[in-house]
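okay, here's the prediction I keep looking at, along with the sequence it came from:
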Amino acid sequence: MQLVQSEFLIFFIMLAMGLFFSELFERLRLPYVIALIFAGILVGPLGFDIFELTPTILFFGEIGAVFLMFMAGIEVRTDILGKVEKKVIILALMNGAIPAIVGFTVAHFFGFDLLTALIIGTIFISSSIAVIVPSLEDRGLIDTDIGAVIIGATVVEDMASLFILAIIFQSVTPRTALPLPVFIAAFALAAIGLKVVMPRFEKWFFSERNPDKFEDEIRFVIIITIAVVVLFEFIGVHPIIAGFLVGFTLSTVVRSHKLSNKLHAISYGIFIPVFLIEIGIETDLTAFISATSVLIVTFAIIGSLIASKLLSGFLAGRFIGFSGKTSLLIGSASIPQLSTTLAVAFIASELGLFDPSLEASIVVLSIVTVLVAPFLIKVLTPHVPELAEVISEEEGEIMLEMLD
């Protein structure tokens, strides 16, 4: 029996637990997302069963999912995409296609229907910008050709996976009466139009304004985000996909570091914790105990994703001219599954395409890959020959600072 009925109190508990567990896990050097999912498990049916998710809280969770994808889009650095365009395309094709085939095959082998297998295969295409960028920054890779190739390919893979998912979701539960070919054309035109119009609209809106008035910029970004989500819903595009697209579009608009920090604070301080804690509450870990087959499926999904991402990244890296160790690093960097994976699992569960045990498997996949990828990047970076000069220069700068 739930102990808490007040929605205000439920909302307070979710935010407070998000704050406490994120701080605790940060001190333990564990990812933020794991902290909030764990918090959700603790207050959910498997833990203290403190409260039941109300329609209002579920709505806040949906907003959190949109903002999670929005922030993933904001992380995209479009300025680097043209620097190594050919290498990016090759890596994106190989690092997306091979895992997609593996994911679909594994899902089909375990008896999942065609649509579920397609969704799992599409999840295998994507990676997490939100995990990759900080990991590359920590190792001094963000401004290198290697970092540019990894981030560029991740952007292409994420865009491709979201486009495919939009088509799949429209096929299963149409959100509009548009025929599928018309939907695809409308979606593509709307996405291109958004990228063309948005920077010009932003430039006009702020041309005569005080550049220090960040409140206006924040209001502009939030209103535009909601407007685009509503517009894309009329077309039939799911809100999380629209959220990523508007974030991707505004990644060149949100130039102010202060504005970016405020958006991060609003998103990760209020809305995203509700979504991630909701994921934790709805994750049914008892499935792993009650059925050995669920555990086997989970290990197969996790193992096949890590292996396929490593292999495809390695093969692509070698094909475009990187050394073996650098290619292994590229494969390792493509492993993490976070924003897209969790959001898609959430939607697929709502649509009845994922049962609770499969949703739990995907959540565990996200947790494991978010832990594994940064560790592999940290271990492999010192052994990458292309970075020897960069690392030696950094060490020299550190020595000069110590002497000073």
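Yes, it's here.

give me every residue that touches the residue nearest the centre of the chain.
With distances taken as Cα atoms, centre = their mean, the residue of the chain nearest its centroid is S339 (2.4 Å). Neighbour list for S339: L68, M69, M71, A72, S128, I129, A130, F244 [criterion: Cβ atoms under 8 Å, 6 or more residues apart in numbering]. Any C-beta I mention is one placed from the backbone N, CA and C, and that applies to glycine too.

between these, which is nearest G236?
Set against G236, the nearest of the contacts of S339 by Cβ to Cβ is F244 (16.0 Å).

number of nearby residues for the closest one?
26 (other Cβ atoms under 10 Å).

ok, it touching M71?
No - the pair F244 and M71 fails to qualify as a contact (Cβ atoms under 8 Å) at a distance of 9.3 Å.

and the nearest residue to L315 once chain neighbours are set aside, which helix or strand is it part of?
Once flanking residues are discounted, L315 sits nearest to M94: 6.0 Å by Cβ to Cβ, 6 or more residues apart in numbering. Assessed by DSSP states H and E, M94 sits inside helix 85-109.

other residues contacting that helix?
81, 114, 116-118, 120-125, 127, 145, 148-150, 152-153, 156-157, 160-161, 300-301, 304-305, 307-309, 311-313, 315-317, 319-320, 330-331, 334.

recalculate using a threshold of 6 Å.
Helix 85-109 has contacts (Cβ atoms under 6 Å, 6 or more residues apart in numbering) with 117, 120-121, 124-125, 149, 152-153, 156-157, 300, 304, 308-309, 312-313, 316, 320, 334.

where does this protein have low pLDDT?
Where the chain drops to pLDDT under 70, the residues are 1-5, 76-84, 202, 205-216, 252-258, 386-404.

hmm, back to that, got JSON lines for the contacts of S339, with secondary structure and distance to V88 too?
Below are those laid out as JSON lines (DSSP: H, G, I helix; E, B strand; the rest coil; distance: Cβ to Cβ, whole Å):
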{"residue": "L68", "secondary structure": "helix", "distance to V88": "24"}
{"residue": "M69", "secondary structure": "helix", "distance to V88": "21"}
{"residue": "M71", "secondary structure": "helix", "distance to V88": "22"}
{"residue": "A72", "secondary structure": "helix", "distance to V88": "18"}
{"residue": "S128", "secondary structure": "coil", "distance to V88": "17"}
{"residue": "I129", "secondary structure": "helix", "distance to V88": "14"}
{"residue": "A130", "secondary structure": "helix", "distance to V88": "19"}
{"residue": "F244", "secondary structure": "helix", "distance to V88": "18"}
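
from the residues you listed, which is closest to F346?
L68 (9.8 Å).

so L353 sits against L118, correct?
No - contact criterion Cβ atoms under 6 Å: L353 and L118 do not qualify, at 9.5 Å.

which residues touch the closest residue to the residue nearest to the centre of the chain other than its chain neighbours?
Ranked by Cβ to Cβ, 6+ apart and with sequence neighbours excluded, the top spatial neighbour of S339 is A72, at 4.0 Å. Contacts for A72 (Cβ under 6 Å, 6+ apart) come out as I129, A130, F244, S339.

for P336, see how far away the first one is.
According to Cβ to Cβ, to the nearest Å, I129 stands 9 Å off from P336.

for the strand or helix carrying A190, which positions count as buried?
Per DSSP H and E: A190 is located in helix 180-205. Residues F183, A186, F187, A190, A191, L194, M198, E202 are the ones in helix 180-205 that count as buried (16 or more other Cβ atoms under 10 Å).
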